[in-house]
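Trainee: The following comprises the amino acid sequence and a computationally predicted model.
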Amino acid sequence: MTALRIIFLGTAELSCASLQALAGDAKFQIAAVVTQPDRPKGRDLKPQPSPVKSLAMRLGLPVLQPERAREEQFIAGLRALQPDLIVTVAYGQICRRRS
């Protein structure tokens, strides 16, 4: 059986358990992880990665961080990855259906 190619969209800590489960299952191949761009946080306002980005990097997964998920160039890049499935868990942007 061929593994399903997945693009995972998530940002919040809540998303990490789902990403971890998918990454640990041989039935799935994660083609890319999409998360929000690093944002300033803390007293120094230094850019910090999202919990999902931190996990994806530990797992050695490719990470994409578009400013806007609706941008045509970004959508074309997702299509080029030829996913079988896109999984979204607490991503933080509205994704419109495209044909």
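Mentor: The structure has been received and is ready for your questions. In this text the structure is predicted, and so the values were computed from the model without any measurement.
Trainee: Check the gap between the closest residue to residue 51 other than its chain neighbours and residue 50 for me.
Mentor: Once flanking residues are discounted, residue 51 sits nearest to residue 13: 4.3 Å by Cβ to Cβ, 6 or more residues apart in numbering. Where C-beta positions appear, they are placed from N, C-alpha and C, glycine not excepted. Using Cβ to Cβ, to the nearest Å, residue 13 is found at 9 Å from residue 50.
Trainee: Kindly report the same for residue 39.
Mentor: As defined by Cβ to Cβ, residue 39 lies at a distance of 8 Å from residue 50.
Trainee: Residue 22 looks like it's in a helix, true?
Mentor: Yes. With DSSP: H, G, I helix; E, B strand; the rest coil as the criterion, residue 22 is located in a helix.
Trainee: Contact partners for it?
Mentor: 6, 8, 28, 30, 87 (Cβ atoms under 8 Å, 6 or more residues apart in numbering).
Trainee: Likewise for residue 63?
Mentor: 32-35, 53, 56-57.
Trainee: Now do the helices in the protein.
Mentor: 13-23, 51-59, 72-80 (DSSP state H).
Trainee: Could you export these as CSV, including mean pLDDT and distance to residue 94?
Mentor: Formatted as CSV, those follow (pLDDT from 0 to 100; distance: least, Cβ to Cβ, whole Å):
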stretch, mean pLDDT, distance to residue 94
helix 13-23, 97, 16
helix 51-59, 97, 17
helix 72-80, 92, 13
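Trainee: closest to residue 91 out of the ones you listed?
Mentor: helix 13-23 (7.5 Å; Cβ to Cβ).
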